[in-house]
Every structure is written in structure tokens, then in C-alpha cells.
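> No sequence on hand, only this structure:
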């Protein structure tokens with residue numbers, strides 16, 4: 001057990017040092033990004049506290065540890081330690097995130113220019129030719145075919161009179177033929193694809209709109225919103241085991257999706273629009289009856305996770321606009337940081353010296369135990385920083401320093417228990433197992449109290465207090481593991497050497513304050 005423990009810890013540490021993983025320092029130690037968001041004029045300011053909570057949940061979901069999300073007046077200030085891309089962070093944390101389901105009425109190539117048209121009038125019918133497409137309108141209806149898409153409008157209205165009269169409503173095309181007035185209603189949208197750019201007036205939920213896809217390759221003509229994302233219960237990004245592509249699994253709170261989308265639009269495309277961008281426009285398959293739906297659309301891992309994250313925590317109750325998004329320097333100066341490191345090293349040195357003077361050779365066990373804990377901590381924090389966005393702040397360092405006392409206490413409890421066993425007349429070797437079993441129960445009880453306190457602080461506190469709680473809990477858990485896999489086996493190995501037990505002044509017997517003890 002001792003060999004396996006040492007090999008795993010030292011091997012992992014060496015691999016970490018040779019690799020690229022390193023602990024990410026927090027805003028107070030290395031700086032980061034600070035974002036200020038303000039509500040738009042006329043917003044309901046009573047919902048700002050709710051917005052703060054949602055943004056904090058989003059940032060936590062990103063894996064950014066110890067974010068500082070606070071309300072300052074009517075502004076929301078977000079400090080993100082270790083975040084380098086301020087624009088990307090601002091885009092995600094400040095999203096209004098209104099998810100809408102809209103029927104797809106047609107598609108338009110994103111690079112198409114504004115269409116020109118010519119009209120040929122024949123008795124009883126109108127033929128309109130669009131640039132790049134041909135449209136034939138038969139009597140009673142108008143059908144417009146655009147390259148790559150088809151949009152069908154409402155039937156025309158025909159009125160017969162001796163003398164023709166014509167009236168043109170906004171957004172309508174009127175063609176007059178002898179003895180009749182024919183009005184063809186064209187879908188009115190709030191945007192068009194023109195000259196390779198999207199020209200949009202506004203993204204209104206209850207109107208037809210033209211919106212681009214996320215890749216800016218095509219524009220969709222969409223109908224009014226048939227459902228929003230407020231019914232979303234949860235969302236997770238997963239990998240499809242068959243295709244290998246990323247998807248987003250969405251669980252709805254009720255059956256609205258089935259009733260409003262799945263059943264009425266079987267075999268038709270329904271666009272999933274998020275903040276004015278069509279994330280996916282899947283065809284609704286038959287047989288959807290439950291509350292679990294999969295959204296697919298050639299997502300990358302990052303796109304799928306970001307979409308799931310925003311959907312999971314819902315829409316912000318107030319529309320926010322960024323005021324500033326800037327990189328900030330460490331809030332602690334280099335001199336302060338250096339002074340803190342020096343103080344910590346001095347404290348560790350004093351603890352180590354005391355252990356050697358009081359427990360002699362057994363003090364070496366404490367030294368090596370603290371060293372292995374440090375190596376394990378560096379490896380774990382580096383891995384968590386690289387893969388889960390964990391940041392190490394001054395509060396976290398404080399938690400680590402406090403945990404050193406917890407670790408040393410575990411060794412003291414074991415050594416003192418050994419003293420009691422040996423003073424009953426037992427040899428050191430015969431006292432090892434019994435002494436450890438009794439001492440380990442005390443160690444578990446003491447560490448469990450620290451872990452409970454760390455867990456409570458982590459789940460009920462915010463900001464830097466959570467960092468303190470996390471690192472304190474992690475250190476305490478490591479202490480329990482190493483007490484069983486390193487401390488006990490290592491003392492047992494030393495006690496097997498009679499010379500180390502009876503060595504005058506520095507042996508295990510001297511450390512247990514019974515120099516006459518037998519091995």
C-alpha cells in the first residue's frame with residue numbers, strides 16, 4: 001500500500017509538471033475580467049436580484065470558481081478570475097436567452113441580393129418573375145418560389161366590377177386586370193437577407209421575421225412564436241453514440257411542446273431561435289409524445305455546452321446591456337503576495353521543526369506526509385483548473401493553510417495513541433495496528449466535523465467563502481486518505497527496524513517518550 005501510494009502521487013506530480021496543466025490563480029492573485037451590466041431604460045428594477053442569482057448560476061456552470069457577482073446600485077458587476085476572453089464571457093453571462101420555437105415558412109440564401117421583379121398580366125392570372133427564380137400565380141392564389149425555398153401566401157381576393165379599382169395595402173402587391181381587382185398578400189417580415197447581410201428591424205415574438213442561422217449561411221423566414229423556452233426544465237450537452245456529434249437533451253416541465261409543436265408540425269421544420277439566431281431547424285418527426293426532446297444541429301462541443309448552460313438557467317428577467325468589459329490587474333500587489341508566501345513557509349518550517357523536536361524520528365513521517373499532501377494538492381488543483389475552470393485565490397490558500405493544522409493533528413493523534421499502547425507494556429510493533437484502529441476512529445470524527453463545516457459553507461456561502469470551504473474540504477479529505485494509505489504503513493515499515501526503534505535520543509522510542517521500550 002505504501003509503495004503504491006508513493007508511486008501514484010509522485011508519478012502524477014511529475015506528469016503534471018512535465019505537462020501543461022497548472023493551477024489557475026484567482027482575480028486577487030492574477031487578475032481576470034470585470035464586466036458591468038446595466039438594465040435598459042424602463043426595465044423592472046425589482047427583478048435585478050433575480051438576475052444576479054441567474055448570472056451567478058451561469059458563471060458557476062461555466063466552471064469558473066469564486067466569481068464575484070454583485071449588484072451595485074442598478075448595475076450588476078461580474079468579476080471573473082482567470083477569464084481571458086472578455087467579449088465571450090460578456091456574451092454568455094449577459095444573454096437575455098429568450099428561446100423561441102417558430103415554424104419555418106421558407107429559407108433564403110444569406111448572400112442573395114434584394115430581388116427585382118417583373119410582372120406580366122394576363123386575364124385571370126398573374127405571373128411574377130424574381131431574379132434567380134420563377135413564380136407562377138394561378139387564379140385564386142399566389143405562390144412565390146425562391147431558389148432554395150418555397151413560401152406560400154394566403155389566397156388572393158378577387159372583386160369583379162364594371163370598372164376596375166385598385167387599392168394597395170402596405171406589404172401587398174396589387175395587380176389590376178380588366179374587370180377585376182386582384183390583391184396578393186405577401187408575408188410581412190421584420191427583416192430581409194440583402195447583399196450578404198441581414199437587414200432586421202426587430203425580432204418580435206408575435207410577428208413573422210427573417211433570421212440567420214448560427215453559421216451565417218442561410219436566412220429563415222419564420223412565423224410567429226408558437227412556444228418559448230420558459231417551459232424548459234433542464235438541458236444537458238451529450239454526444240450521440242451513433243453519429244459522434246454533439247446534441248442537447250432538453251427536458252420540458254409540461255406537455256406544451258407535444259401539444260403546440262410536435263403534434264401540429266409533424267413532417268415540418270420548426271426553428272429553435274435563441275436571441276435572434278436560429279440554432280437549429282429540425283424537422284419534427286412523428287411519435288414525439290414525452291417531455292424529453294433532443295436538439296441537434298451540427299453543434300461543436302463548446303456550442304452545445306453553452307446552449308445547454310443558457311437553457312438550463314433560463315432567461316434573465318430583465319434585459320441587460322454591457323457598460324464595460326475589461327481585463328483587470330491583480331487586486332493584491334506583488335509585495336503583499338510575496339509576504340503571504342513567506343509567512344506561510346515560515347509557519348510550515350516552525351511546524352516541521354516542532355514535530356522533529358517532539359517526536360524525533362516520527363517527525364520525519366509528518367514531514368513526508370505533508371510533502372505528499374502538497375504534491376497531491378498541486379496535481380489535483382492543476383487538473384481541476386485545466387478541465388473545470390477552478391481558480392486558486394487568497395481565500396483558497398487560507399483554506400489550505402488551515403488544513404495543515406488538521407493534517408498535523410492526525411499524526412499527533414496516532415502518535416499519542418501509540419504512547420498509550422506502549423506504556424501498557426506492549427512492544428512498538430504489537431501496538432501499531434491496535435493503536436491505529438483506535439486513533440483512526442478519532443481522526444475520522446475530527447475530520448468529519450471539518451468536512452461538514454466545509455460542505456455547509458460551500459453550499460450556503462458565496463464568492464471567496466466558497467473557495468475557502470472547497471480547499472479546506474479537499475485538504476481534509478486528502479488527510480483521511482493519506483492517514484490510511486501512508487501514515488500507518490510508513491510507521492509500520494520504520495518500526496520493523498529495531499535500530500530505528502531503540503536509537504538513542506532520536507529513535508521511535510525516544511519520540512514516544514519511552515526510550516527503554518523494546519522493538
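Alright, I've got the coordinates. The structure presented is a predicted model; accordingly, all values stated were derived computationally and were not measured.
> what about the longest helix seen in the chain, distance to the chain center?
When the chain is parsed with DSSP state H, its longest helix is helix 428-460. Computed by Cα atoms, centre = their mean, to the nearest Å, the chain-centroid distance of helix 428-460 equals 34 Å.
> which other helices and strands contact it?
helix 394-423, helix 464-482, helix 488-495 (3 or more Cβ pairs under 8 Å, 6 or more residues apart in numbering; DSSP states H and E). Where C-beta positions appear, they are placed from N, C-alpha and C, glycine not excepted.
> got the angle between the first one and helix 488-495?
In terms of direction (axes from the mean of the first three to the mean of the last three Cα atoms, to 10 degrees), helix 394-423 departs from helix 488-495 by 50 degrees.
> tell me which residues of helix 394-423 are tucked away?
Within helix 394-423, the residues that qualify as buried by neighbour count (16 or more other Cβ atoms under 10 Å) are 394-401, 403-404, 406-415, 417-419, 421-422.
> With the shortest one instead?
Within helix 488-495, the residues that qualify as buried are 488-492, 494-495, counting by 16+ other Cβ under 10 Å.
> do stretch 14-25 as well
By neighbour count with 16+ other Cβ under 10 Å, stretch 14-25 contains the buried residues 16, 21, 23-25.
> coming back round to it: in a markdown table: the helices and strands packed on helix 428-460, plus mean pLDDT and distance to residue 436.
A markdown table is the format used below for the helices and strands packed on helix 428-460 (pLDDT from 0 to 100; distance: least, Cβ to Cβ, whole Å):
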| stretch | mean pLDDT | distance to residue 436 |
| --- | --- | --- |
| helix 394-423 | 85 | 6 |
| helix 464-482 | 87 | 13 |
| helix 488-495 | 88 | 5 |
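> among the ones you listed, which is nearest residue 233?
With Cβ to Cβ as the criterion, residue 233 lies closest to helix 464-482 of the helices and strands packed on helix 428-460, at 25.8 Å.
> which helices and strands sit right next to the closest one?
Looks like helix 464-482 contacts helix 361-388, strand 391-392, helix 394-423, helix 428-460 (3+ Cβ pairs under 8 Å, 6+ apart).
> same thing but at 10 Å, please
Here helix 464-482 touches helix 2-18, helix 361-388, strand 391-392, helix 394-423, helix 428-460, going by 3 or more Cβ pairs under 10 Å, 6 or more residues apart in numbering; DSSP states H and E.
> unless I'm mixing things up, residue 513 is touching residue 422, no?
Yes - between residue 513 and residue 422 there is a contact under Cβ atoms under 10 Å: 9.1 Å.
> any idea how far residue 299 lies from residue 282?
Using Cβ to Cβ, to the nearest Å, we find residue 299 at a distance of 12 Å from residue 282.
> Have a look at the two and say which one is more surrounded.
Between residue 299 and residue 282, counting by other Cβ atoms under 10 Å, residue 299 is the more crowded of the two (21 against 15).
> Quick check: bridge partners of the more buried one?
residue 246 (DSSP bridges).
> Could you count how many residues lie near the residue nearest to residue 222 when sequence neighbours are not counted?
Leaving aside its sequence neighbours, residue 222 sits nearest to residue 102 (Cβ to Cβ, 6 or more residues apart in numbering; 3.9 Å). Other residues within reach of residue 102, judged by other Cβ under 10 Å, total 25.
> Contact partners for residue 102?
Going by Cβ atoms under 10 Å, 6 or more residues apart in numbering, residue 102 touches 205, 208-209, 211, 220-227, 261, 269-273, 278, 281.
> Work out the gap between the lengthiest strand in the chain and the centre of the chain.
The single longest strand within the chain, with elements called by DSSP state E, is strand 99-109. Distance, stretch centre to chain centre, for strand 99-109: 28 Å (Cα atoms, centre = their mean).
> Give the pairing partners of that strand; include direction for each.
As assigned by DSSP bridges, strand 99-109 forms pairs with strand 218-222 (antiparallel), strand 227-228 (antiparallel), strand 270-274 (antiparallel).
> Output the ones you listed in JSON lines; the columns should cover distance to residue 455, mean neighbour count and mean pLDDT.
Formatted as JSON lines, the strands paired with strand 99-109 follow (distance: least, Cβ to Cβ, whole Å; neighbours: other Cβ atoms under 10 Å; pLDDT from 0 to 100):
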{"stretch": "strand 218-222", "distance to residue 455": "47", "mean neighbour count": "24", "mean pLDDT": "86"}
{"stretch": "strand 227-228", "distance to residue 455": "37", "mean neighbour count": "16", "mean pLDDT": "82"}
{"stretch": "strand 270-274", "distance to residue 455": "35", "mean neighbour count": "23", "mean pLDDT": "81"}
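> Mind listing the residues bridging to residue 39?
Taking DSSP bridges as the rule, residue 39 bridges to residue 320.
> list the contacts for the residue lying closest to residue 508 once chain neighbours are set aside?
Excluding the flanking residues, the one nearest residue 508 by Cβ to Cβ, 6+ apart is residue 501, at 4.7 Å. With contact set as Cβ under 10 Å, 6+ apart, residue 501 has these partners: 361, 427-429, 494-495, 507-512, 517-519.
> And the buried ones among the residues you listed, selectable in ChimeraX?
Selection of buried members from these for ChimeraX, criterion 16+ other Cβ under 10 Å:
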select :361,428,494,495,507,508,509,510,511,512,517,519
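> ok, so of the contacts of residue 501, who is nearest residue 238?
residue 494 (50.9 Å).
> wait, that closest one sits on residue 365?
Yes - when contacts are counted by Cβ under 10 Å, residue 494 is listed as touching residue 365 (7.4 Å).
> joint contacts of these two?
residue 508.
> where in the stretch 151-300 of the chain is pLDDT low?
Of all residues in the stretch 151-300 of the chain, those with pLDDT under 70 make up the ranges 151-203, 274-275, 297.
> rerun at 90
151-223, 225-237, 239-300 (pLDDT under 90).
> Let me see the ranges of the strands in it.
With DSSP state E, counting those that start in this stretch as the criterion, the stretch 151-300 of the chain has strands at 157-160, 172-177, 180-185, 191-194, 197-200, 209-212, 218-222, 227-228, 232-239, 246-252, 270-274, 277-280, 292-299.
> Give the other helices and strands that the strand or helix carrying residue 54 contacts.
Assigned by DSSP states H and E, residue 54 belongs to helix 48-61. Contact partners of helix 48-61 among helices and strands, from 3+ Cβ pairs under 10 Å, 6+ apart: strand 32-39, strand 68-72, strand 75-81, helix 86-93, helix 301-313, strand 320-328.
> can you rerun that using 6 Å?
Applying 3 or more Cβ pairs under 6 Å, 6 or more residues apart in numbering; DSSP states H and E, we find helix 48-61 packed against strand 68-72, helix 86-93, helix 301-313.
> If I average pLDDT within each of these, which one is lowest?
The stretch with the lowest mean pLDDT among those is helix 86-93, at a mean of 66.
> Go through the buried residues of helix 488-495 and name the one nearest residue 34.
For the buried residues of helix 488-495, the nearest to residue 34 is residue 490 (47.3 Å; Cβ to Cβ).
> Contact partners for that closest one?
2, 365 (Cβ atoms under 6 Å, 6 or more residues apart in numbering).
> ok, so what distance separates it from residue 352?
Residue 490 is 16 Å from residue 352, by Cβ to Cβ.
> ditto for residue 414
17 Å.
> ditto for residue 471
Applying Cβ to Cβ to residue 471 and residue 352 gives a distance of 21 Å.
> of those two, who's got more company?
Between residue 471 and residue 352, counted using other Cβ under 10 Å, residue 471 has the larger neighbour count: 26 against 17.
> right, and the more buried one touches residue 399 too?
Yes - using Cβ atoms under 6 Å, residue 471 is in contact with residue 399, at 3.6 Å.
> Not counting sequence-adjacent ones, nearest residue to residue 392?
residue 23 is the one closest to residue 392 (Cβ to Cβ, 6+ apart), at 4.9 Å.
> Test my guess that that neighbour contacts residue 381.
Yes - using Cβ under 6 Å, residue 23 is in contact with residue 381, at 4.5 Å.
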